[in-house]
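Colleague: Let's see this in three dimensions:
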Amino acid sequence: MAAYPPVTLLVRNIDKSARFYDRALGFAPAWDGLLLGPFGQSLRLVEVADTTAGGCVIVTIEVADVDKAVDAILNNGGGRAEKLMGDAPLYLGPDGEMLSLARRGLDGADRIKLVVYDFDGVMTDNLVSVDQDGRESVRADRSDGLGVGMIRSLGLEQVILSTEANPVVKARADKIGLEAIHGIRDKGSALIELAEKRAISVADILYVGNDVNDADAMGLAGFKAAPADSHPSILALADYITEVPGGYGVIRELADVLTAGRG
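Modeller: Now for the predicted structure:
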(Lines give C-alpha, C1' and ligand atoms only; values in the text may rest on other atoms or scores of the structure.)
Protein backbone atom coordinates (compact mmCIF):
# COMPACT_ATOMS: atom_id res chain seq x y z
CA MET A 1 0.00 0.00 0.00
CA ALA A 2 1.39 3.38 -0.95
CA ALA A 3 1.99 5.74 1.96
CA TYR A 4 1.10 9.30 1.00
CA PRO A 5 2.20 12.20 3.22
CA PRO A 6 -0.74 14.30 4.43
CA VAL A 7 -1.65 17.30 2.27
CA THR A 8 -2.06 20.38 4.47
CA LEU A 9 -4.99 22.68 3.70
CA LEU A 10 -5.48 26.11 5.27
CA VAL A 11 -9.19 26.48 6.05
CA ARG A 12 -11.49 29.00 7.71
CA ASN A 13 -13.54 26.46 9.64
CA ILE A 14 -12.17 22.99 10.38
CA ASP A 15 -15.57 21.46 11.19
CA LYS A 16 -17.15 22.73 7.97
CA SER A 17 -14.24 21.56 5.81
CA ALA A 18 -14.09 18.19 7.59
CA ARG A 19 -17.80 17.62 6.88
CA PHE A 20 -17.29 18.48 3.21
CA TYR A 21 -14.36 16.10 2.69
CA ASP A 22 -16.07 13.35 4.65
CA ARG A 23 -19.40 13.52 2.80
CA ALA A 24 -18.06 14.37 -0.64
CA LEU A 25 -14.86 12.34 -0.90
CA GLY A 26 -14.85 9.83 1.95
CA PHE A 27 -12.15 11.41 4.15
CA ALA A 28 -13.02 10.35 7.69
CA PRO A 29 -11.98 12.59 10.62
CA ALA A 30 -9.21 11.00 12.70
CA TRP A 31 -7.60 13.45 15.16
CA ASP A 32 -6.25 17.01 15.36
CA GLY A 33 -7.59 18.03 11.96
CA LEU A 34 -6.29 14.90 10.23
CA LEU A 35 -8.65 13.25 7.73
CA LEU A 36 -8.02 9.74 6.41
CA GLY A 37 -9.26 9.03 2.91
CA PRO A 38 -9.39 6.17 0.41
CA PHE A 39 -6.24 4.61 -1.08
CA GLY A 40 -4.02 5.73 1.80
CA GLN A 41 -4.59 9.44 1.18
CA SER A 42 -4.84 11.95 4.03
CA LEU A 43 -5.51 15.64 4.57
CA ARG A 44 -4.49 17.84 7.47
CA LEU A 45 -6.76 20.83 8.07
CA VAL A 46 -5.27 23.91 9.73
CA GLU A 47 -7.65 26.70 10.73
CA VAL A 48 -6.41 30.21 9.85
CA ALA A 49 -7.74 33.73 9.33
CA ASP A 50 -9.98 34.37 6.33
CA THR A 51 -7.32 36.15 4.31
CA THR A 52 -4.92 33.20 4.23
CA ALA A 53 -7.32 30.30 3.63
CA GLY A 54 -7.78 28.46 0.36
CA GLY A 55 -5.68 30.16 -2.26
CA CYS A 56 -4.40 28.56 -5.45
CA VAL A 57 -3.74 25.15 -3.95
CA ILE A 58 -4.49 22.23 -6.28
CA VAL A 59 -5.08 18.92 -4.51
CA THR A 60 -5.17 15.70 -6.54
CA ILE A 61 -7.53 13.15 -4.99
CA GLU A 62 -7.84 9.54 -6.14
CA VAL A 63 -11.41 8.26 -6.34
CA ALA A 64 -13.05 5.00 -7.39
CA ASP A 65 -15.68 6.72 -9.56
CA VAL A 66 -15.05 10.22 -10.93
CA ASP A 67 -18.68 10.89 -11.91
CA LYS A 68 -19.96 9.98 -8.44
CA ALA A 69 -17.24 12.09 -6.84
CA VAL A 70 -18.18 15.11 -8.96
CA ASP A 71 -21.84 14.75 -7.99
CA ALA A 72 -20.87 14.44 -4.32
CA ILE A 73 -18.68 17.55 -4.49
CA LEU A 74 -21.45 19.61 -6.08
CA ASN A 75 -24.11 18.28 -3.71
CA ASN A 76 -22.08 19.09 -0.59
CA GLY A 77 -21.18 22.71 -1.16
CA GLY A 78 -18.32 22.42 -3.63
CA GLY A 79 -18.24 23.82 -7.14
CA ARG A 80 -16.61 23.76 -10.54
CA ALA A 81 -13.45 25.78 -11.17
CA GLU A 82 -13.03 27.82 -14.33
CA LYS A 83 -9.44 26.64 -14.74
CA LEU A 84 -8.28 23.33 -16.17
CA MET A 85 -5.20 21.28 -15.32
CA GLY A 86 -4.22 20.29 -18.82
CA ASP A 87 -7.48 18.99 -20.26
CA ALA A 88 -8.80 17.85 -16.89
CA PRO A 89 -11.51 19.86 -15.10
CA LEU A 90 -10.91 21.20 -11.60
CA TYR A 91 -13.40 21.48 -8.75
CA LEU A 92 -13.62 23.76 -5.72
CA GLY A 93 -13.54 22.93 -2.04
CA PRO A 94 -15.20 25.07 0.65
CA ASP A 95 -12.28 27.53 0.89
CA GLY A 96 -11.57 27.89 -2.80
CA GLU A 97 -8.92 25.17 -2.95
CA MET A 98 -8.97 23.43 -6.31
CA LEU A 99 -9.51 19.69 -6.54
CA SER A 100 -8.29 17.44 -9.34
CA LEU A 101 -9.89 13.99 -9.45
CA ALA A 102 -7.91 10.93 -10.58
CA ARG A 103 -9.66 7.62 -11.09
CA ARG A 104 -8.21 4.58 -9.36
CA GLY A 105 -9.62 1.15 -8.64
CA LEU A 106 -11.66 -1.64 -10.19
CA ASP A 107 -14.72 -0.89 -12.28
CA GLY A 108 -17.75 -2.73 -10.93
CA ALA A 109 -15.99 -3.79 -7.72
CA ASP A 110 -19.34 -3.88 -5.94
CA ARG A 111 -20.16 -7.05 -7.94
CA ILE A 112 -17.26 -9.06 -6.51
CA LYS A 113 -18.36 -11.97 -4.30
CA LEU A 114 -15.15 -13.98 -3.91
CA VAL A 115 -11.46 -13.04 -3.82
CA VAL A 116 -8.94 -15.75 -4.75
CA TYR A 117 -5.24 -15.27 -4.06
CA ASP A 118 -2.16 -17.02 -5.35
CA PHE A 119 0.30 -17.44 -2.47
CA ASP A 120 3.92 -17.11 -3.63
CA GLY A 121 4.56 -13.72 -5.17
CA VAL A 122 1.29 -12.28 -3.86
CA MET A 123 1.35 -12.94 -0.12
CA THR A 124 5.13 -13.39 -0.17
CA ASP A 125 8.02 -11.70 -1.99
CA ASN A 126 8.50 -14.92 -4.01
CA LEU A 127 11.76 -15.71 -2.22
CA VAL A 128 12.37 -18.76 -0.07
CA SER A 129 14.98 -19.36 2.62
CA VAL A 130 16.36 -22.88 2.99
CA ASP A 131 18.31 -23.97 6.07
CA GLN A 132 21.01 -26.67 6.20
CA ASP A 133 18.37 -29.33 6.86
CA GLY A 134 16.31 -28.36 3.81
CA ARG A 135 13.56 -26.62 5.77
CA GLU A 136 11.98 -23.76 3.84
CA SER A 137 10.60 -20.50 5.15
CA VAL A 138 9.01 -17.47 3.50
CA ARG A 139 8.24 -13.88 4.50
CA ALA A 140 4.80 -12.29 4.62
CA ASP A 141 3.64 -8.75 5.30
CA ARG A 142 1.72 -8.31 8.56
CA SER A 143 -0.44 -5.59 7.01
CA ASP A 144 -2.00 -8.23 4.75
CA GLY A 145 -3.62 -9.77 7.82
CA LEU A 146 -5.37 -6.45 8.43
CA GLY A 147 -6.31 -6.32 4.75
CA VAL A 148 -7.90 -9.76 4.93
CA GLY A 149 -10.01 -8.59 7.87
CA MET A 150 -11.07 -5.43 6.03
CA ILE A 151 -12.14 -7.42 2.98
CA ARG A 152 -13.99 -9.90 5.18
CA SER A 153 -15.90 -7.00 6.75
CA LEU A 154 -17.19 -6.14 3.27
CA GLY A 155 -18.93 -9.53 3.21
CA LEU A 156 -16.53 -11.10 0.70
CA GLU A 157 -15.22 -14.65 0.87
CA GLN A 158 -11.49 -15.19 0.36
CA VAL A 159 -9.52 -18.29 -0.63
CA ILE A 160 -5.85 -19.06 -1.26
CA LEU A 161 -5.22 -21.17 -4.37
CA SER A 162 -1.61 -22.33 -4.69
CA THR A 163 0.41 -24.81 -6.72
CA GLU A 164 2.74 -25.18 -3.73
CA ALA A 165 2.31 -28.26 -1.55
CA ASN A 166 4.48 -26.68 1.15
CA PRO A 167 2.78 -26.72 4.59
CA VAL A 168 3.75 -23.05 5.00
CA VAL A 169 0.76 -22.17 2.79
CA LYS A 170 -1.72 -23.74 5.18
CA ALA A 171 0.12 -22.36 8.21
CA ARG A 172 -0.16 -18.79 6.91
CA ALA A 173 -3.78 -19.33 5.84
CA ASP A 174 -4.67 -20.59 9.31
CA LYS A 175 -2.95 -17.58 10.85
CA ILE A 176 -5.06 -15.08 8.91
CA GLY A 177 -8.22 -17.18 8.89
CA LEU A 178 -8.45 -18.17 5.23
CA GLU A 179 -9.26 -21.39 3.43
CA ALA A 180 -6.22 -22.70 1.54
CA ILE A 181 -6.29 -25.09 -1.40
CA HIS A 182 -2.72 -26.00 -2.27
CA GLY A 183 -0.90 -28.46 -4.48
CA ILE A 184 -3.16 -27.37 -7.39
CA ARG A 185 -1.83 -27.80 -10.93
CA ASP A 186 -4.85 -26.62 -12.93
CA LYS A 187 -5.90 -23.32 -11.40
CA GLY A 188 -8.49 -22.63 -14.08
CA SER A 189 -10.44 -25.79 -13.27
CA ALA A 190 -10.02 -25.13 -9.55
CA LEU A 191 -11.50 -21.65 -9.98
CA ILE A 192 -14.53 -23.05 -11.79
CA GLU A 193 -15.01 -25.57 -9.00
CA LEU A 194 -14.83 -22.82 -6.37
CA ALA A 195 -17.52 -20.88 -8.23
CA GLU A 196 -19.78 -23.93 -8.61
CA LYS A 197 -19.54 -24.81 -4.92
CA ARG A 198 -20.63 -21.28 -4.01
CA ALA A 199 -23.29 -21.03 -6.73
CA ILE A 200 -21.69 -17.90 -8.15
CA SER A 201 -20.34 -16.97 -11.55
CA VAL A 202 -16.62 -16.78 -12.28
CA ALA A 203 -17.51 -13.26 -13.48
CA ASP A 204 -18.02 -12.35 -9.81
CA ILE A 205 -14.53 -13.49 -8.73
CA LEU A 206 -11.46 -11.31 -8.23
CA TYR A 207 -8.31 -13.35 -8.89
CA VAL A 208 -4.96 -12.05 -7.68
CA GLY A 209 -1.95 -13.67 -9.34
CA ASN A 210 1.61 -12.92 -10.37
CA ASP A 211 3.00 -15.50 -12.82
CA VAL A 212 2.21 -17.51 -15.93
CA ASN A 213 0.65 -20.39 -13.98
CA ASP A 214 -2.08 -17.94 -12.94
CA ALA A 215 -2.99 -17.00 -16.51
CA ASP A 216 -5.77 -19.58 -17.00
CA ALA A 217 -7.53 -18.60 -13.77
CA MET A 218 -7.09 -14.90 -14.47
CA GLY A 219 -8.52 -15.34 -17.95
CA LEU A 220 -11.67 -16.87 -16.45
CA ALA A 221 -12.16 -14.46 -13.55
CA GLY A 222 -14.31 -11.39 -14.03
CA PHE A 223 -11.82 -9.24 -12.12
CA LYS A 224 -8.03 -9.54 -12.18
CA ALA A 225 -5.33 -7.93 -10.04
CA ALA A 226 -1.56 -8.35 -9.95
CA PRO A 227 1.36 -7.14 -7.82
CA ALA A 228 3.63 -4.54 -9.38
CA ASP A 229 6.48 -7.02 -9.95
CA SER A 230 4.39 -9.68 -11.71
CA HIS A 231 5.35 -11.37 -14.98
CA PRO A 232 4.69 -9.04 -17.96
CA SER A 233 2.04 -11.39 -19.38
CA ILE A 234 0.12 -11.20 -16.10
CA LEU A 235 0.45 -7.42 -15.89
CA ALA A 236 -1.09 -7.27 -19.36
CA LEU A 237 -4.12 -9.25 -18.13
CA ALA A 238 -4.64 -7.29 -14.92
CA ASP A 239 -7.48 -4.82 -14.43
CA TYR A 240 -5.62 -3.43 -11.42
CA ILE A 241 -1.88 -3.44 -10.70
CA THR A 242 -0.89 -2.72 -7.13
CA GLU A 243 1.68 -0.06 -6.39
CA VAL A 244 3.55 -2.48 -4.14
CA PRO A 245 5.35 -5.67 -5.19
CA GLY A 246 4.38 -9.11 -3.94
CA GLY A 247 4.89 -9.71 -0.25
CA TYR A 248 4.80 -6.01 0.64
CA GLY A 249 1.13 -5.41 1.41
CA VAL A 250 -0.68 -6.41 -1.78
CA ILE A 251 -3.82 -7.50 0.09
CA ARG A 252 -3.77 -4.42 2.31
CA GLU A 253 -3.74 -2.22 -0.80
CA LEU A 254 -6.54 -4.23 -2.39
CA ALA A 255 -8.57 -3.81 0.80
CA ASP A 256 -8.50 -0.05 0.25
CA VAL A 257 -9.42 -0.49 -3.42
CA LEU A 258 -12.38 -2.76 -2.63
CA THR A 259 -13.56 -0.56 0.23
CA ALA A 260 -13.51 2.53 -1.98
CA GLY A 261 -15.22 0.67 -4.83
CA ARG A 262 -18.08 -0.44 -2.60
CA GLY A 263 -18.43 2.82 -0.69
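Colleague: What are the contacting residues of the worst-scoring helix or strand of the chain on mean pLDDT?
Modeller: When each helix and strand of the chain is scored by mean pLDDT, DSSP states H and E, strand 136-137 comes last, with a mean of 80. For strand 136-137, the surrounding residues in contact (C-beta atoms under 8 Å, 6 or more residues apart in numbering) are 128, 129, 130, 131, 166, 168. (Each C-beta comes from the backbone N, C-alpha and C, glycine too.)
Colleague: nearest spatial neighbour of residue 65, skipping sequence neighbours?
Modeller: Spatial nearest neighbour of residue 65, chain neighbours left out: residue 103 (7.4 Å); criterion: C-beta to C-beta, 6 or more residues apart in numbering.
Colleague: so the one you found makes contact with residue 67?
Modeller: No - between residue 103 and residue 67 there is no contact under C-beta atoms under 8 Å: 9.6 Å.
Colleague: domain parsing for the chain?
Modeller: Here the domain parsing of the chain from automatic domain parsing is 7-103, 109-261.
Colleague: If you average pLDDT over each of those domains, which is lowest?
Modeller: When the domains of the chain are compared on average pLDDT, domain 7-103 comes out lowest at a mean of 89.
Colleague: what comes up buried for stretch 225-234?
Modeller: Using 16 or more other C-beta atoms under 10 Å as the test for burial, stretch 225-234 gives 225, 226, 227, 229, 230, 231, 234.
Colleague: Can you tell me which of the residues you listed end up in strands?
Modeller: If you go by DSSP state E, the buried residues of stretch 225-234 have 225, 226 in strands.
Colleague: Residue 215: which of the buried residues of stretch 225-234 is nearest?
Modeller: Closest approach between the buried residues of stretch 225-234 and residue 215, by C-beta to C-beta: residue 234, at 6.7 Å.
Colleague: Excluding chain neighbours, give the residue nearest to that closest one in space.
Modeller: residue 226 (4.9 Å).
Colleague: What's the separation between the one you found and residue 20?
Modeller: Relative to residue 20, residue 226 is positioned 35 Å away (C-beta to C-beta, to the nearest Å).
Colleague: same deal with residue 258?
Modeller: Distance of residue 258 to residue 20, computed by C-beta to C-beta: 25 Å.
Colleague: that older thread, in CSV, list the buried residues of stretch 225-234 along with distance to residue 58.
Modeller: Output for these, formatted as CSV (distance: C-beta to C-beta, whole Å):
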residue, distance to residue 58
225, 30
226, 31
227, 31
229, 32
230, 33
231, 37
234, 35
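Colleague: Need the residues that contact the one helix or strand residue 146 maps to.
Modeller: Assigned by DSSP states H and E, residue 146 belongs to helix 143-153. With contact meaning C-beta under 8 Å, 6+ apart, helix 143-153 is reached by 1, 115, 123, 158, 175-178, 249-256, 258-259.
Colleague: Repeat the analysis, applying 10 Å as the threshold.
Modeller: Residues outside helix 143-153 that contact it (C-beta atoms under 10 Å, 6 or more residues apart in numbering) are 1, 112, 115, 117, 122-124, 141, 156-158, 172-173, 175-178, 206, 244, 247-259.
Colleague: Only the buried subset of those residues, as a PyMOL command please.
Modeller: Selection of buried members from these for PyMOL, criterion 16+ other C-beta under 10 Å:
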select buried, resi 1+112+115+117+122+123+124+141+156+157+158+172+173+176+178+206+244+247+248+249+250+251+252+253+254+255+256+257+258+259
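Colleague: Who are the contact partners of residue 180?
Modeller: Residue 180 touches 117, 119, 159-162, 164, 169-174, counting by C-beta under 10 Å, 6+ apart.
Colleague: from the residues you listed, which is closest to residue 13?
Modeller: residue 117 (44.4 Å).
Colleague: That's all I had, so thanks and see you.
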